[in-house]
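Trainee: show me the folded form of this:
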Amino acid sequence: MNSQIYIALDFESGEKALAFLDEHSLTGVAVKVGMELFYREGPWIIKQLQKRGHPVFLDLKLHDIPNTVKKAMKNLASLGVDVVNVHAQGGSEMMKAAREGLDEGAGNGKRPMLLAVTQLTSTDEQMLSEELQVISKVEDSVIHLAKLAKESGADGVVCSVHEVAGIKASCGEEFKTVTPGIRLVSSEQHDQKRVATPKEAKRQTTDAIVVGRGITQHPSPKEAYRQVEKEWEYE
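Mentor: Predicted coordinates:
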C-alpha cells in the first residue's frame with residue numbers, strides 16, 4: 001500500500017474536516033472518509049481532499065445485494081479514491097460483484113484497492129456469540145472471512161491487530177491488512193474493544209493503520225500524528 005497511516009476524518013461537515021487539516025498543518029496526509037462525512041458532503045469532500053494532495057480511503061462498508069453493490073462500486077471507482085471497502089459478511093457473490101464494479105468503473109485508470117471488513121473492532125466474544133449467534137471465536141471468524149474475501153477478489157481486509165498474523169499465515173503476505181482501533185498509550189479506547197498501539201501494529205506486520213480520535217481529539221493533533229509516525233517507523 002502506498003499509504004500506511006490514515007487519519008479518520010470523523011467530522012460532521014467538510015468545512016470542519018478541512019479546517020482541522022489546515023489548522024494543524026497536516027498537509028497531504030492520508031485520510032479516511034467515513035459515512036458521517038460522506039453522507040453529509042458527498043463527492044465534493046473527496047475532490048477537495050484530492051486537490052490538497054490527500055490520499056483517500058473511502059470507508060462506506062457496502063453491504064447489500066450483489067447487483068446493487070456492483071453498481072455502487074462502479075460509481076465510487078469514478079471518484080479516483082485509493083481504497084474502498086465492503087462488509088465480508090455480505091458473502092462471496094457480493095464481494096465478487098464489488099470487484100467487477102470497481103474494474104468497470106475504473107476503466108483504463110487505476111482501480112481503487114478493495115478491502116473487506118471482517119469483524120468490527122467494537123465486536124467481542126460475547127457480542128459475537130450472544131447477539132450474532134456466531135459460534136466460532138472472533139479470531140476464527142475473522143480468518144474465515146479473510147480467506148473468503150481473498151477468494152472473491154478482494155485485495156485485503158480490515159481487521160484488528162490481533163488477527164493480522166493469522167490472516168497473513170492463511171492468505172499470504174501479499175494479502176493486505178488494514179487495522180483500525182489504533183491508540184497511543186495515553187489514549188482512551190472509547191467504544192472499540194480490540195485495540196493496539198502503532199508499535200504493536202507494526203510488530204504484527206499489518207500493512208496500514210487507521211487512527212481517529214487519538215489524533216483528532218488530542219490537544220496537539222500534529223504532535224500526536226508525529227508520535228504515531230515515530231512508533232510506526234520504529235526499528
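
Trainee: and the contacts of stretch 16-28?
Mentor: Contact partners of stretch 16-28, identified using Cβ atoms under 8 Å, 6 or more residues apart in numbering, comprise 7, 9, 11, 29, 31, 37, 45, 48-49, 52-54, 216, 221-222, 225. C-beta: built from backbone N, CA, C; applies to glycine.

Trainee: which of the residues you listed count as buried?
Mentor: The neighbour-count criterion (16 or more other Cβ atoms under 10 Å) marks 7, 9, 11, 29, 31, 37, 45, 48-49, 54, 216, 221, 225 among the contacts of stretch 16-28 as buried.

Trainee: for these, which one is nearest residue 68?
Mentor: When these are ranked by distance to residue 68 (Cβ to Cβ), residue 37 comes first, at 22.0 Å.

Trainee: isn't residue 121 right up against residue 183?
Mentor: No. Shown here, residue 121 and residue 183 do not form a contact pair, counting by Cβ atoms under 8 Å, at 10.6 Å.

Trainee: and the helix or strand hosting residue 164, what's buried?
Mentor: Using DSSP states H and E, residue 164 sits in helix 164-171. Neighbour counts over helix 164-171 (16+ other Cβ under 10 Å) mark 164, 165, 167, 168, 171 as buried.

Trainee: among those residues, which one sits closest to residue 128?
Mentor: Minimum distance to residue 128 across the buried residues of helix 164-171 is 17.1 Å, recorded for residue 167 (Cβ to Cβ).

Trainee: list the residues that contact that closest one.
Mentor: Counted by Cβ under 8 Å, 6+ apart, residue 167 has contacts 142, 143, 146, 157, 159, 175, 177.

Trainee: among those residues, which ones are in helices?
Mentor: Judged by DSSP state H, the contacts of residue 167 include 142, 143, 146 as members of helices.

Trainee: okay if I get those residues as JSON lines plus distance to residue 127 and pLDDT?
Mentor: Converted to JSON lines, these look like this (distance: Cβ to Cβ, whole Å; pLDDT from 0 to 100):
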{"residue": "142", "distance to residue 127": "14", "pLDDT": "92"}
{"residue": "143", "distance to residue 127": "18", "pLDDT": "96"}
{"residue": "146", "distance to residue 127": "19", "pLDDT": "98"}
